[in-house]
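In: Just need the structure, nothing else, for what follows:
(one chain, ligands or ions: 2)
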Amino acid sequence: MKFFKVKTVSESLSIIADQFRPLRPPVQLPIADACGMVLAEDIVSGEQVPHFSRSTVDGFAVRARDTYGASDSLPGFLDITGRIEMGKAPEQLLKEGQAQAIPTGGMLPEGADSVVMIEHVEEIDDLLNVYRQVAPGENVIRAGDDVQQGELVMTAGHRLRPQDLGVLSAIGRTEVRVFPRPIVGILSTGDEVVPTDKKQLAPGEVRDINSVTVGATAQQYGAKVIQGGIVRDDYETFAARARQLFEEVDFLILSGGSSVGTRDFTVQVMQALGEPGVLIHGVATKPGKPTILAKANGKPVMGLPGHPVSALIMFRLFALPLLDKLQGLRPCETDTRLSAKISRNVPSAVGRTDYIRVKLEERADGLWAVPVFGKSGLISTLVESEGIVEIGQNKEGIIEGEAVKVYMLS
Ligand SMILES: Nc1nc2c(c(=O)[nH]1)N[C@H]1C(S)=C(S)[C@@H](COP(=O)(O)OP(=O)(O)OC[C@H]3O[C@@H](n4cnc5c(N)ncnc54)[C@H](O)[C@@H]3O)O[C@H]1N2
Ligand code: MOO
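Out: Ligands and ions are numbered 1, 2, ... in the order given. Okay, the predicted model is just below:
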């Protein structure tokens, strides 16, 4: 088999950005089921939140100017004319020289513009001694302070977080239109790869790591996962199982058999799934060079290298942006990098992007990224690591103390 012509990371990422989009139409879901999903509509509030001005403390609703100059030695005197109840509109408006008792969250009476805290007053029958002056708006949330009527609160392409659901609830939105979760299918290949539950391994066998790591990551990033199991290195069986799973999913992942060995059928299987076929066969990275990406009838198909560290790093690098595209997510929402300094020199080759596993150390002078070295077949090196540092293809390496960005491994 002829050796592949590799693409750079940025070429590969632009292919992903250009070639793929959401495959299925948006669905309407109750907000409680929408956390982690991507909005397919802009959200404009039909109401103001809160819809009434309310107190943020227990105290007395007043007109701020009636308290001016009040102090411990020279208290102001106001008439207590009412007591506001929680969840009810005040019965009377507030006039000059008056105060009304108000609980935290209570509705401000018309005429009042601020609240004096209970700690700063003394009640003597219907007379209130005020020992502290307040400014207009003090201890008050005004109607519409949180959300204005007609305000654009979120736009399509945003992944819903718990706080976003909070705003939707506050404005009375019970349902939202979101992109359906993409369905990712995973098929592992290799005569030596056996299921996790095999107790006694025969010589040469390894338990399947990639289906588990890739499946869990896909789920973390909003996908539903169908595990296709393990297929042997036999073209007919592999092609048939891949075709079957491909029909059920939006995105097919094939693990292993992506390199150039004579029994590595992945690229042929991918090519046979549909047009236009293989877009990327090999990327200029270390690890992960034998990564393949195809497009078949609009759906992505990715061939990951068998070595578990390479498979997971390549999945994160290319399949996560792809999953984002399939969910309609805006690109800027995926960046979760931390700044740190590298703890030692790390050499690299020009023309290739290197991905270095690192753990983080908080030192007196800031955050340091400490490289975790080891072959890409050693999954435990990723357990030890907190993130990945990229060494760009134009660099010969990074020097101790150099500022780096760390892509966090969640
Ligand atoms: N002559 C060359 N040989 C290799 C090259 C090369 O450029 N020239 N590239 C190497 C690199 S880099 C990688 S990465 C691997 C990728 O090979 P494949 O994608 O074909 O993967 P396999 O050969 O099937 O497996 C590699 C390794 O990983 C183990 N493996 C496979 N699947 C799993 C799994 N699901 N869970 C756990 N471990 C798995 C497998 O047993 C092998 O040990 O090719 C190099 N060779
Ligand atoms: O590039 Mo391979 O993916 O080192 O193990």
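In: Quick check, the residue in the protein closest to ligand 1?
Out: residue 306 (2.3 Å; C-beta to the nearest ligand atom). Every C-beta, even on glycine, is put in place using the N, C-alpha and C of the backbone.
In: can you pull the contacts of that residue?
Out: 189, 190, 210, 255, 256, 257, 258, 259 (C-beta atoms under 8 Å, 6 or more residues apart in numbering).
In: I'd like to know how far the closest residue to residue 139 other than its chain neighbours sits from residue 62.
Out: Once flanking residues are discounted, residue 139 sits nearest to residue 115: 4.0 Å by C-beta to C-beta, 6 or more residues apart in numbering. As judged by C-beta to C-beta, to the nearest Å, residue 115 and residue 62 stand 7 Å apart.
In: re the thing from before, just want the phi and psi numbers for the residue nearest to residue 139.
Out: phi -130, psi 130 (degrees, to the nearest 10).
In: Report how many residues lie close to it.
Out: Neighbours of residue 115 under the rule other C-beta atoms under 10 Å: 27.
In: what's the pLDDT at it?
Out: pLDDT for residue 115: 98.
In: which ones are touching the closest residue to ligand 2 within the stretch 151-300 of the chain?
Out: Distances between the stretch 151-300 of the chain and ligand 2 by C-beta to the nearest ligand atom are smallest at residue 287, namely 3.1 Å. Counting by C-beta under 8 Å, 6+ apart, residue 287 touches 305, 307, 309, 310, 313, 314, 355, 376.
In: quick one: buried residues of stretch 185-203?
Out: Neighbour-count burial for stretch 185-203 flags 185, 186, 187, 188, 189, 190, 193, 194 (criterion: 16 or more other C-beta atoms under 10 Å).
In: now the last one, nearest residue through space, not along the chain?
Out: In this structure, residue 194 finds its nearest non-sequential neighbour in residue 205, 5.0 Å apart by C-beta to C-beta, 6+ apart.
In: So that neighbour sits against residue 195, correct?
Out: No - assessed by C-beta atoms under 8 Å, residue 205 is found out of contact with residue 195, at 10.3 Å.
In: Domain parsing of this protein, as residue ranges.
Out: If you go by automatic domain parsing, the domain ranges for the chain are 9-24+181-326, 31-47+147-179, 54-141, 338-408.
In: For the protein, list the residues in contact with ligand 2, please.
Out: 286, 287, 288, 289, 305, 307, 310, 376 (C-beta under 6 Å from any ligand atom).
In: again, only this time at 8 Å
Out: Contacts of the chain with ligand 2, taken as C-beta under 8 Å from any ligand atom, map to 285-291, 305-307, 309-311, 314, 375-377.
In: Among these, which lie within strands?
Out: 285, 286 (DSSP state E).
In: For ChimeraX, write the selection for the buried entries among the residues of the chain next to ligand 2.
Out: Entered in ChimeraX, the line below selects the buried ones among these, by 16+ other C-beta under 10 Å:
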select :285,286,287,288,289,290,291,305,306,307,309,310,311,314,376
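In: Please flag which of the residues of the chain next to ligand 2 sit within helices.
Out: Under the assignment DSSP state H, the residues of the chain next to ligand 2 contribute 309, 310, 311, 314 to helices.
In: which outside residues touch stretch 350-369?
Out: Residues contacting stretch 350-369 (C-beta under 8 Å, 6+ apart): 8-9, 284-288, 309, 313, 317, 338-343, 346, 348, 370-374, 381-382, 384-396, 404, 406.
In: So which of these reach ligand 1?
Out: Checking those against ligand 1 (C-beta under 8 Å from any ligand atom), the matches are 286, 287, 288.
In: Would you convert these into a markdown table that also reports pLDDT?
Out: What follows is those, written out as a markdown table (pLDDT from 0 to 100):
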| residue | pLDDT |
| --- | --- |
| 286 | 97 |
| 287 | 97 |
| 288 | 96 |
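In: residues contacting the residue lying closest to residue 278 once chain neighbours are set aside?
Out: Distances taken as C-beta to C-beta, 6+ apart place residue 294 nearest to residue 278, at 4.6 Å, with adjacent residues excluded. Taking C-beta under 8 Å, 6+ apart as the contact definition, residue 294 lies against 270, 271, 273, 277, 278, 279, 300, 301, 302, 303.
In: Among those, which one has the most neighbours?
Out: residue 303 (29 neighbours).
In: Next up, phi/psi of that one, please.
Out: phi -100, psi 120.
In: Could you do residue 169 as well?
Out: Residue torsions, per degrees, to the nearest 10, at residue 169 are phi -60, psi -40.
In: can you map out the strands along the stretch 1-150 of the chain?
Out: Along the stretch 1-150 of the chain, counting by DSSP state E, counting those that start in this stretch, strands occupy 27-30, 43-44, 54-55, 59-62, 76-83, 98-102, 114-117, 121-124, 127-130, 140-141.
In: which residues touch the longest one?
Out: It stands for strand 76-83. Outside strand 76-83, the residues touching it (C-beta under 8 Å, 6+ apart) are 60, 62, 66-70, 90-92, 94-95, 97-101, 109, 123, 126-130, 133.
In: could you point out the longest helix in this protein?
Out: The chain, longest helix under DSSP H: helix 235-248.
In: Contact partners for the residue nearest to residue 223 when sequence neighbours are not counted?
Out: Spatial nearest neighbour of residue 223, chain neighbours left out: residue 184 (4.4 Å); criterion: C-beta to C-beta, 6+ apart. Going by C-beta under 8 Å, 6+ apart, residue 184 touches 215, 218, 223, 224, 225, 226, 249, 250, 251, 252, 253, 323.
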